[in-house]
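> Would you be able to build a 3D model of this:
(one chain, ligands or ions: 3)
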Amino acid sequence: MVKVVKFGGSSLANANQFKKVAEIVRSDSARRYVVPSAPGKRFGADIKVTDMLYACYDAIGEGANAEEEFRPIVERFDGIISALNLELDLETEYGTIVRNFKARAGRDYAASRGEYLCGIVLAKFLGFHFIDAARGVKFYPNGEFDADLTEASLQVLLDKHGKAVIPGFYGAKPNGEIKTFSRGGSDVTGSLVAKAVRAALYENWTDVPGVLLADPRIVDNPKVIKTLTYRELRELSYMGATVLHESAIFPVRTAKIPINIRNTNTPTLPGTMIVPQTDDNPTLLTGIAGKKGFAVINLEKDEMNNEIGFLRRILTLFEAEGINFEHIPSGIDTLSVIISGDDYKSRPGLIDRITKVARPDRLSVEHDLALVAIVGRGMRERRGTATRVFASLAHAGVNIKMIDQGSSELNIIVGIKNDDFEKAIRAVYDTFALSE
Ligand code: ADP
Ligand code: ASP
Ligand code: MG
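Ligands and ions are numbered 1, 2, ... in the order given. Next up is the predicted model:
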């Protein structure tokens with residue numbers, strides 16, 4: 001049996017965390033492939049190595065002294081190496097990196113060096129083989145991820161070594177140029193490695209005891225979700241439960257490999273299992289997540305219902321603008337399009353262009369909308385969930401601006417004001433979590 005284990009930044013923040021990681025890996029011989037992130041924060045005000053690298057690269061671009069800017073990063077890694085008593089000298093690596101920073105090798109290259117160096121240190125500490133992710137994780141020349149070539153390349157590389165460390169977060173284009181996934185992307189690498197080696201389990205080790213019913217930065221001590229399905233996780237992570245990167249689900253989902261979210265600091269706890277499906281009697285609510293900062297464009301037009309092609313014209317315009325829409329709630333003569341506030345702000349003149357193609361009778365734009373998703377496979381079987389959601393929000397004095405229920409009946413999404421976001425999440429949490 002093979003297990004792939006991914007450790008996040010806080011799990012590798014200092015030498016003591018490295019020791020916990022090694023103990024976890026060594027305590028189960030099936031844990032053969034290890035995917036590390038770059039060292040994260042050691043304390044609240046600390047800076048993640050990835051953020052140090054971005055800042056260092058930018059400063060050098062603006063003319064700062066490269067060696068001096070890079071020194072704090074050297075100190076972070078050398079500190080870990082010496083505290084672990086490793087016989088490892090990264091001078092040559094540091095020299096190459098500084099040279100490439102000066103030669104402007106790219107921000108992705110810069111950011112990726114955190115995982116790269118961390119992988120070398122961890123491989124040495126574990127006595128595992130080190131495999132540079134640039135050799136196994138592949139992107140097309142245009143920067144899109146190449147799933148087929150990645151799977152084939154990883155399989156060849158990993159088959160050669162029974163035990164290996166493969167850094168997370170990055171890969172390479174055919175010309176060797178380094179490309180990263182979006183932030184938090186080491187989760188994606190872990191999933192790709194799990195698929196490539198046909199793992200029995202993908203363990204994702206982090207700093208919380210599992211996927212929690214709500215964001216722990218909003219709700220105090222939220223309950224741990226024991227089991228959830230891939231689809232529920234997708235809904236939650238897309239809607240802001242940042243514990244797992246929103247794209248990490250796809251590689252393992254096709255291979256039906258379960259994910260186990262675990263806490264590096266409390267390794268005896270079972271964590272959360274994410275599975276293809278489950279016969280568990282589901283609780284009504286699996287989890288709550290949400291995001292702030294959306295804009296809503298409201299269109300009204302008499303007899304919109306009879307105007308064939310109205311929606312198509314709007315959607316074609318959004319496609320041409322390169323804007324992803326989140327939701328399009330509609331009434332008989334009304335249509336609203338919810339998009340990210342950043343997309344709205346970066347498209348001056350958008351309203352004029354909408355007016356031109358849609359010729360609405362009335363058009364208004366609302367800003368600072370937050371979306372909250374209430375997710376649960378148990379909602380399908382039970383009546384009254386929506387009522388309870390709306391009642392809890394009303395009691396908390398939160399005004400609901402939009403309601404959308406997915407056709408899968410797996411979620412209810414409500415649109416509220418940004419300012420009500422935290423209050424709304426706490427209200428729904430209290431109503432469901434405390435009563436079940
Ligand atoms: P890692 O560095 O291990 O990848 P992340 O910081 O990316 O860890 O993800 C874990 C963090 O996700 C937690 O510390 C927590 O603050 C945040 N988080 C947000 N929503 C949730 C949730 N529903 N369950 C668990 N953690 C959550
Ligand atoms: N180190 C990268 C980041 O901070 C990737 C990761 O942690 O997954 O985003
Ligand atoms: Mg993460």
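
> avg pLDDT for stretch 3-14?
Here stretch 3-14 scores 98 as its mean pLDDT.

> Give me the distance from that stretch to the chain's centre.
Using CA atoms, centre = their mean, to the nearest Å, the mean C-alpha position of stretch 3-14 is found 15 Å from that of the whole chain.

> and the spatially closest residue to residue 323 that is not a sequence neighbour, what element?
Leaving out its chain neighbours, the residue that sits closest to residue 323 by CB to CB, 6 or more residues apart in numbering is residue 343, at 4.8 Å. Where C-beta positions appear, they are placed from N, C-alpha and C, glycine not excepted. Using DSSP states H and E, residue 343 falls within helix 341-345.

> Kindly report the same for residue 285.
Under the criterion DSSP H and E, no helix or strand holds residue 285.

> If I look at it, what pLDDT would I see?
85.

> Thought residue 214 was touching it, still the case?
No: if you go by CB atoms under 8 Å, residue 285 and residue 214 don't touch, sitting 9.8 Å apart.

> Overlap in contacts, the two.
residue 433 (CB atoms under 8 Å, 6 or more residues apart in numbering).

> give me every residue that touches the residue nearest to residue 323.
If you count contacts by CB under 8 Å, 6+ apart, then residue 343 has 295, 323, 324 around it.

> what's the nearest residue to residue 267 if we skip its chain neighbours?
Nearest non-adjacent residue to residue 267, counting by CB to CB, 6+ apart: residue 24, 5.4 Å away.

> my guess is that neighbour is in a helix, correct?
Yes: applying DSSP: H, G, I helix; E, B strand; the rest coil, one finds residue 24 inside a helix.

> and it, how many neighbours does it have?
Neighbour count for residue 24, taken as other CB atoms under 10 Å: 19.

> Show me what counts as buried in the helix or strand following the helix holding residue 343.
Next in sequence after helix 341-345, counting helices and strands by DSSP H and E, comes helix 350-358. By 16 or more other CB atoms under 10 Å, the buried positions in helix 350-358 come out as 350, 354, 358.

> how close does the last one sit to residue 309?
Okay, so that is residue 358. From residue 358 across to residue 309, the span is 10 Å (CB to CB, to the nearest Å).

> intersection of neighbour lists for those two?
Shared contacts of residue 358 and residue 309 (CB under 8 Å, 6+ apart): none.

> returning to what we had before: pick out whichever of the buried residues of helix 350-358 sits closest to ligand 3.
Taking CB to the ion as the measure, ligand 3 lies nearest residue 350 of the buried residues of helix 350-358, at 32.9 Å.

> which ones are touching the closest one?
Shown in contact with residue 350 (CB under 8 Å, 6+ apart): 321, 344.

> quick one: pLDDT of it?
pLDDT recorded at residue 350 is 94.

> before we move on, what about the one 3 residues further on?
Here, the pLDDT recorded for residue 353 equals 95.

> hang on, the earlier thing: the residue nearest to residue 267 reaches residue 263, doesn't it?
No: contact criterion CB under 8 Å: residue 24 and residue 263 do not qualify, at 10.3 Å.

> Determine the residues that are contacts of both of these two.
Common contact partners of residue 24 and residue 263 (CB under 8 Å, 6+ apart): residue 205.

> Now render the contacts of residue 343 as TSV, adding pLDDT and secondary structure.
Output for these, formatted as TSV (pLDDT from 0 to 100; DSSP: H, G, I helix; E, B strand; the rest coil):
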residue	pLDDT	secondary structure
295	96	strand
323	94	coil
324	92	coil
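
> Ranking by neighbours, what's the top pick from the residues you listed?
residue 295 (20 neighbours).

> do you know how far it is from residue 27?
Noted for residue 295: a distance of 49 Å to residue 27, by CB to CB.

> Could you do residue 153 as well?
Going from residue 153 to residue 27 by CB to CB gives 30 Å.

> of those two, who's got more company?
The neighbour count for residue 153 versus residue 27, taken as other CB under 10 Å, is higher for residue 153 (18 against 9).

> closest point of this protein to ligand 1, which residue?
Sorted by distance to ligand 1 under CB to the nearest ligand atom, the residues of the chain start with residue 8, at 1.7 Å.

> My understanding was that that residue contacts residue 206; is that so?
Yes: between residue 8 and residue 206 there is a contact under CB under 8 Å: 4.5 Å.

> Can you pull the residues that touch both of the two?
residue 264.

> Report the spatially closest residue to the closest residue to ligand 3 within the stretch 251-400 of the chain, excluding sequence-adjacent ones.
Minimum separation of the stretch 251-400 of the chain from ligand 3 (CB to the ion) falls at residue 261, amounting to 10.5 Å. Ranked by CB to CB, 6+ apart and with sequence neighbours excluded, the top spatial neighbour of residue 261 is residue 272, at 4.4 Å.

> swap in residue 431?
Per CB to CB, 6+ apart, closest to residue 431 is residue 392, 3.8 Å.

> pLDDT at that neighbour, what is it?
Residue 392 carries a pLDDT score of 94 in this model.

> Just read off the phi/psi values of it.
The phi/psi pair for residue 392 (degrees, to the nearest 10) reads phi -70, psi -40.
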